[in-house]
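Asks: I'd like to go over a predicted model; first the sequence, then the structure.
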Amino acid sequence: MQRCDLGGREQGPIWHRKPSPAARQGVIVNIIHSATGYHSKTIHFLNVTFDSSGDSLLAGDHQGNIYVFNLNGNRFNLVQRTMQACTALAFNLRRKTEFLVALADYSIKCFDTETKELVSWMRGHDSSVSSISVHGSGRYAITTSPDTAQLWDLDTFQRKRKLNVRRSVSIQKVFFLPLSNTILSCFKDNSVFAWEFDTLQCKYQLPTPVEGSVFLYKVFAITRDGRIFVAGGKSNHLHLWCLESKQLLRIIQMPTKVRAVRHLEFLPDSFDGGSNQVLGVLSQDNIMRFINIETCKLLFDIGSHEEGISTAAISPNGRYIASVMENGSLNLYSVQALTQEVNKPPPPLFKVVEDWSKCKLGANKLKVRVTSGRSERPWKSRGSKIQTRSLKPQVNTSLENKENELPGGLNKKRLQALLKGFGEYPAKYRMFVWRSLLQLPENHLAFSSLIDKGTHSAFVHIQNEYPIKSRKLLRVLQRTLSALAHWSAIFGETPYIPLLAFPFVKLFQNNQLICFEVVATVVVNFCQRWFEYFPNPPVNVLSMVENILAHHDKELLQHLIKCNVTSQVYAWPLLETLFSEVLTREEWLKVFDNIFSNHPSYFLMVVVAYVICSRAPLLHCNQTEDFEYFFHHRNNLDINVVIKEAYHLMESTPVDIHPQHMLDDFIPLTKGQYPVFNKYPKFIVDYQTQERERIRQDEIAYLRERQLVHELEAKAQERKVEDETWYRKQELLQEAEEQRRKMLLEEEEKLAEQRQRLAAVKRELKVKELQLLDAARRRFLKYQQDQRQMELKRLDDEIARKASVREQETAAAAQDVEVRQMELESQRQHFEQHLIKDQETVMQEMKGEIDTSRRKADLEDHLVQKLMEVDREEKQKARMWQEVTQKKAQLEAEQKAAAAADEHRKQFLEDEMNDALELAEKLQKEDGYFERLHDLKAGHAETGLGFQQVPKSGNVCLNDLSASESSSHGRRREELACKEWELMAEVRRLREKLTSRARTRHSATRFSATKWTP
């Protein structure tokens, strides 16, 4: 797999040599965009799409950089910097150099890839645009956001229509169906509607899904012929709909590890006529699986848990798959290297996708051993007493214990006690304990810089030397070895480094940083002085092993020397492979639990212990091949005995030959940056590196020359074939020309005969035509005669009809005159009756008015009589009051003086005069009868009051009072009589006015009632 780093370049090649993707991996190139600065980082790609030809790729990152990748021309170009993240891309417009991009500010922009200029800027969305669908003609586009979908005219860049929905039901996706003028809209409530593009009328709606399916549709896909529609969501089920019959074809169930579907897309095929059969399903585990929707077989998959896929796009020609990875890079896959042929049995309605990887796991014994869990048995079989004693904390902490403190809150002494008690660490916590014992620094930046340098040239073809079935394991091994080689050049030249690193790669394949640091820590501490005699084996280390073996088992050493078996045969294979060839997984883990918990010299003691514990079978071996086979294969040996023997050797080995005094103590890797590793003969490594580079260059030159020779041979062969083809074509053309000439002569003869026949036929047709014309002329003359006769007959009938009509009209007119006379007579009688009724009505009205006036006169007379009665009553009261006053005057006359009586009489007379004058003025001012009557009553009341108030003034003479009283009463009677005559005169005048008004009104009414209306 090649890698292309865009960096700060605006254009350049995509790959540096012709891509040759692996058969299973299928990756052509991995494209990344790294930004250099104070903190180096990777700019993540967000969206990717292909053009209609499938040979150009458009990709946008989260900083707004838009790149065009020309896969045929092996070039990439930076076409635009929008300065904001893009949310959707479209590259299939009618003008092939233009493309649409939806931005984070909810707008859509159109750019030109050649001029790199802005063509148009479209606004109208209130939320992020999730997809852009372009019509097959390239003239229209639909942009979709959760709240609306808008239809755009790409010629004018104006919005034509807008689809609005309720807030509770948002839009999932709206897109054009291929090869039709239909728009399909999918909503959040699983409703799917099809609309006619021209009229925007709803054509149909898909029925609701089957009962029992409660998941909501999230992603959709359509075949190239627009017949099959697939929907998926937060479930491992896929619904296949037939848009022609509007029915659910089948439900496909993905494997159980698929819990949700994030993206769906069909894989085109040049020979299926648009009815695509292969569907790509991107699930929540970031793996895209390709299945056959007919057979429901899993064909292949791309991506992994470590290198997950975020989104993907498939080229219309079906040759490439472009995927945006979770780490922000862009992978380009070759479909030809991934596809496989699968049988197609007739499918049932409900199917389950079969995962072939499960079948393959059963045959892989290596994977089964790795996933076994035998290491947990000692925890269950041991007693709790040892656990309690070994984990019991010490009360007094010494300086030595402080030095044994490890990261993560662990203590090395306690771990060693736990290890001696159980023989191994718990499998659940082993990786954590190892990381604490080795004190890994976890330098992410330093490791990333090593990884970014790419694959080292020494390990490019490592799969040829070490064919590993697992692609992931091979990839991790290649990366780890390349990082080691970039860290120190010696590791790129050391042939046994893959054997040394492979056990740790297999164990830490899910965490490459930890894997690299564990291998580096093992090399720095447990492989001390290995590289001083490079490229030869470490003679100094092997001599240590031989000295220890000579001290503890001289007989075995003498036997090995007798058989010409050196330490390079019995010790070096164990060291360079780290016991991985002679131990099982559980045994190897148990051994390295003890190695990591002790001094680096313990590693050599384990090698010697393994040889000593194998002395019985070794003493029976005499051939060198037998010894080599023994130390390269597994043997029936109890690893617990070997570990105990190694501890015994650590304690019983003399100081002068003990490797603990020759090897340094454990030193962890430094934090931030890894330490410099240069403990090797640099000139030899440099020489080998130069030689390797020279050989590689010679090989490249040779391959280039061989390629050139092959190309020249191929061109010569093509030219030879072209020449032969040209000569053959010329011969065929000459033969064809002769045949064409013969055919032309034959055709000319046939044509002459046909012309003669045609002339004879024309003569016959002419004669027949003349005969037909004569017959037609005669028929026409006869027709004209018949027409004239019919016209005359029709005229006669018309004359007779008009005469009869005239007679009928005359009779009808006479009848109408008679009817009119009768109507006039009836109208006259009716008017006379109406006149009589009006006269009666007027007479009745006059009688009513006369009665009314009479009643009013009677009422007035009655009122006058009442007034006269009231006057008489007042007079009687006055007489009674006069008698009373006379009596009082007689009683009081004797008590009052004469002078006071005169004064009071004068004052009383003046008051009476004033009252009389005021009463006269009021009577003159009043007009109505009822008002005058009221004044008369008021005058009588005042007179009574005057008479009542007189005695209160003092002693009055009775003679004076009676004289004045009689004079006033005479005047009042005269005034009342005058007023009465005046009132009667006014009543007469009112009656005369009323009668005159009634006569004038009745006379006008009578005149109008008898008047004729026109």
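Replies: Structure's in. What do you need? Predicted model, so just to flag it, every value in this text is computed and none were measured. Numbering: from 1, shown residues only.
Asks: surely residue 570 is in contact with residue 610?
Replies: No - with contacts counted by Cβ atoms under 8 Å, residue 570 stays clear of residue 610, the gap being 9.2 Å. Every C-beta, even on glycine, is put in place using the N, C-alpha and C of the backbone.
Asks: count of neighbours near residue 661?
Replies: For residue 661, the number of neighbouring residues by other Cβ atoms under 10 Å comes to 9.
Asks: per-residue confidence at it?
Replies: Residue 661 carries a pLDDT value of 82.
Asks: what about the nearest residue to it once chain neighbours are set aside, how many neighbours?
Replies: Closest residue to residue 661 in three dimensions, ignoring its sequence neighbours and counting by Cβ to Cβ, 6 or more residues apart in numbering: residue 655, at 6.4 Å. A count of nearby residues for residue 655, using other Cβ under 10 Å, gives 7.
Asks: the strands in the stretch 151-300 of the chain, which residues?
Replies: All strands of the stretch 151-300 of the chain, identified by DSSP state E, counting those that start in this stretch, fall at 158-164, 171-176, 182-187, 192-196, 202-205, 217-222, 228-233, 237-242, 247-253, 261-267, 278-283, 288-292, 298-302.
Asks: looking at the ones you listed, which is nearest to residue 76?
Replies: Minimum separation from residue 76 across these (Cβ to Cβ) falls at strand 298-302, 21.7 Å.
Asks: what about the residue nearest to residue 661, which SS state?
Replies: Using DSSP: H, G, I helix; E, B strand; the rest coil, the structure places residue 655 in coil.
Asks: I figured it hits residue 662, correct?
Replies: No - under the criterion of Cβ under 8 Å, residue 655 makes no contact with residue 662, lying 10.6 Å away.
Asks: so for stretch 607-618, first residue to last residue, what's the gap.
Replies: In terms of Cα to Cα, to the nearest Å, the two terminal residues of stretch 607-618 are separated by 14 Å.
Asks: tell me the mean pLDDT over it?
Replies: Per-residue pLDDT over stretch 607-618 has a mean of 91.
Asks: ok now it, how far from the chain's centre?
Replies: In this view, stretch 607-618 has its centroid 68 Å away from the chain centroid, taken as Cα atoms, centre = their mean, to the nearest Å.
Asks: let me see the residues that make contact with it.
Replies: Stretch 607-618 is contacted by residues 545, 548-549, 552-553, 555-556, 559-560, 570-571, 574-575, 579, 582, 627, 630, 635, 637-638, 641-643, 645-646, 648-649 when judged by Cβ atoms under 8 Å, 6 or more residues apart in numbering.
Asks: low-scoring stretches of the stretch 451-600 of the chain, by residue?
Replies: Applying pLDDT under 70 to the stretch 451-600 of the chain flags no residue at all.
Asks: go again using 80 as the cut-off
Replies: Across the stretch 451-600 of the chain, the ranges flagged by pLDDT under 80 are 533-535.
Asks: circling back to that earlier point, filter the contacts of stretch 607-618 down to the buried ones and hand me the PyMOL line.
Replies: Below is the selection syntax for PyMOL that covers the buried ones among the contacts of stretch 607-618, with 16 or more other Cβ atoms under 10 Å defining burial:
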select buried, resi 545+548+549+552+553+556+559+560+570+571+574+575+579+582+627+630+642+643+645+646+649
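Asks: the contacts of stretch 607-618 in strands, which ones?
Replies: Assignment to strands by DSSP state E places none of the contacts of stretch 607-618 there.
Asks: gap between the residue of the chain most remote from its centre and residue 736?
Replies: Among residues of the chain, the one most distant from the C-alpha centroid is residue 894; the distance is 128.6 Å, by Cα atoms, centre = their mean. Separation of residue 894 from residue 736 (Cβ to Cβ, to the nearest Å): 184 Å.
Asks: same check, this time on residue 774
Replies: Relative to residue 736, residue 774 is positioned 55 Å away (Cβ to Cβ).
Asks: what's the closest non-adjacent residue to residue 623?
Replies: The spatial neighbour of residue 623 that comes closest, neighbours along the chain excluded (Cβ to Cβ, 6+ apart), is residue 563 at 7.6 Å.
Asks: and the helix or strand residue 770 falls within, how far from the chain's centre?
Replies: Using DSSP states H and E, residue 770 falls within helix 682-893. Centroid separation for helix 682-893 versus its chain: 45 Å, with Cα atoms, centre = their mean.
Asks: what helices or strands is it leaning on?
Replies: For helix 682-893, the helices and strands in contact under the criterion 3 or more Cβ pairs under 8 Å, 6 or more residues apart in numbering; DSSP states H and E are helix 490-493, helix 929-949, helix 958-1009.
Asks: again, only this time at 6 Å
Replies: With contacts defined as 3 or more Cβ pairs under 6 Å, 6 or more residues apart in numbering; DSSP states H and E, the packing partners of helix 682-893 are helix 490-493, helix 958-1009.
Asks: which of these comes out lowest on mean pLDDT?
Replies: Of all the helices and strands packed on helix 682-893, mean pLDDT reaches its minimum on helix 958-1009 (a mean of 62).
Asks: would you enumerate the residues in contact with residue 512?
Replies: Contact criterion Cβ atoms under 6 Å, 6 or more residues apart in numbering gives residue 476 as the residues in contact with residue 512.
Asks: ok, residue 193 to residue 162 distance?
Replies: For residue 193, the distance to residue 162 (Cβ to Cβ) stands at 15 Å.
Asks: between those two, which is the more surrounded one?
Replies: The residue with more neighbours, out of residue 193 and residue 162, is residue 193; 16 against 11, by other Cβ under 10 Å.
Asks: what pLDDT is listed against that one?
Replies: Listed pLDDT for residue 193 reads 89.
Asks: residue 271 too?
Replies: With respect to pLDDT, residue 271 has a value of 67.
Asks: can you give me phi and psi for the residue nearest to residue 661?
Replies: When quoted as degrees, to the nearest 10, the phi and psi of residue 655 stand at phi -70, psi -40.
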